[in-house]
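Asks: have a look; sequence and predicted model below, questions after that.
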Amino acid sequence: MFRAMRRKKQQLSPGACAEILRRGTSGVLAVAGDGGYPYAVPLSYVYDGQTVYFHSANTGHKVDAIVREPRVSFCVIDRDEVLPEAFTTAYRSVIVFGRVRVLEKEEEKRAAVEKLALRYAPNVPEADREAEIDRFWPGLCMLALEPEQITGKEGLELTQLRGSAQ
């Protein structure tokens, strides 16, 4: 169903992909948008090792598109360094393919938003995090991306550096 990576020497291991997803702070979610146009939106996320969680308003382009077609891709760029003298870029990125679902159960939605809050505000006291969540709760939508395939790739320059370090 999913294409094999053409340049296999540049493919990242599943563990490296998971680490990039854990440390990343933003990514781009691509959905089937209105009128057949792709819609790609940058957003904050949290990855718990199995699922990617996003927050959203209850209504809007992103949620409408997901409800209409839950199959999406999500890209996280880990490194992007232009090397002008070599006419290339040292890059590393991960793409997650899967299906997104709107979290309907209150306890599942709360657990997901708490993971997100802890990811971005780990040093904020729990009572303050809870108050902020409660403030946005009525209009909050939590989305869960269940991965079907995760692939990662890095530029040849990084692959060669990694190979020479071994």
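Replies: Sure, I can see it.
Asks: can you map out the strands along this structure?
Replies: With DSSP state E as the definition, the chain shows strands at residue ranges 27-32, 38-43, 46-47, 52-57, 71-83, 88-102, 140-154.
Asks: in a markdown table: the ones you listed, plus distance to residue 15, mean neighbour count and mean pLDDT.
Replies: Quick note: C-beta positions are derived from backbone N, CA and C, even for glycine. Listed next are the strands of the chain as a markdown table, based on distance: least, Cβ to Cβ, whole Å; neighbours: other Cβ atoms under 10 Å; pLDDT from 0 to 100:
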| stretch | distance to residue 15 | mean neighbour count | mean pLDDT |
| --- | --- | --- | --- |
| strand 27-32 | 19 | 20 | 98 |
| strand 38-43 | 24 | 13 | 97 |
| strand 46-47 | 13 | 24 | 98 |
| strand 52-57 | 17 | 20 | 96 |
| strand 71-83 | 14 | 16 | 92 |
| strand 88-102 | 12 | 18 | 93 |
| strand 140-154 | 10 | 19 | 96 |
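Asks: which one's the longest helix in the protein?
Replies: With residue count as the measure and DSSP state H as the assignment, the chain has helix 106-120 as its longest helix.
Asks: please save the CA atoms from it in PDB.
Replies: Written as PDB, here are the backbone C-alpha positions of helix 106-120 (Å, rounded to 0.1, in the frame of the first residue of the first chain):
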ATOM      1  CA  GLU A 106     -14.000  13.000  27.800                       C
ATOM      2  CA  GLU A 107     -11.400  10.900  29.600                       C
ATOM      3  CA  GLU A 108      -9.500  10.200  26.400                       C
ATOM      4  CA  LYS A 109      -9.600  13.800  25.300                       C
ATOM      5  CA  ARG A 110      -8.400  15.000  28.700                       C
ATOM      6  CA  ALA A 111      -5.500  12.500  28.800                       C
ATOM      7  CA  ALA A 112      -4.400  13.600  25.300                       C
ATOM      8  CA  VAL A 113      -4.500  17.400  26.100                       C
ATOM      9  CA  GLU A 114      -2.600  16.700  29.400                       C
ATOM     10  CA  LYS A 115       0.100  15.000  27.400                       C
ATOM     11  CA  LEU A 116       0.300  18.000  25.100                       C
ATOM     12  CA  ALA A 117       0.300  20.500  28.000                       C
ATOM     13  CA  LEU A 118       3.100  18.500  29.700                       C
ATOM     14  CA  ARG A 119       5.100  18.500  26.500                       C
ATOM     15  CA  TYR A 120       5.100  22.200  26.100                       C
END
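Asks: going forward, count from 4.
Replies: With the count now opening at 4, the last piece we talked about shows up as helix 109-123.
Asks: contact partners of it?
Replies: Among residues not part of helix 109-123, those counted as contacts by Cβ atoms under 8 Å, 6 or more residues apart in numbering are 28, 47-49, 51, 56-58, 106, 127, 132, 135-136, 143, 145, 147.
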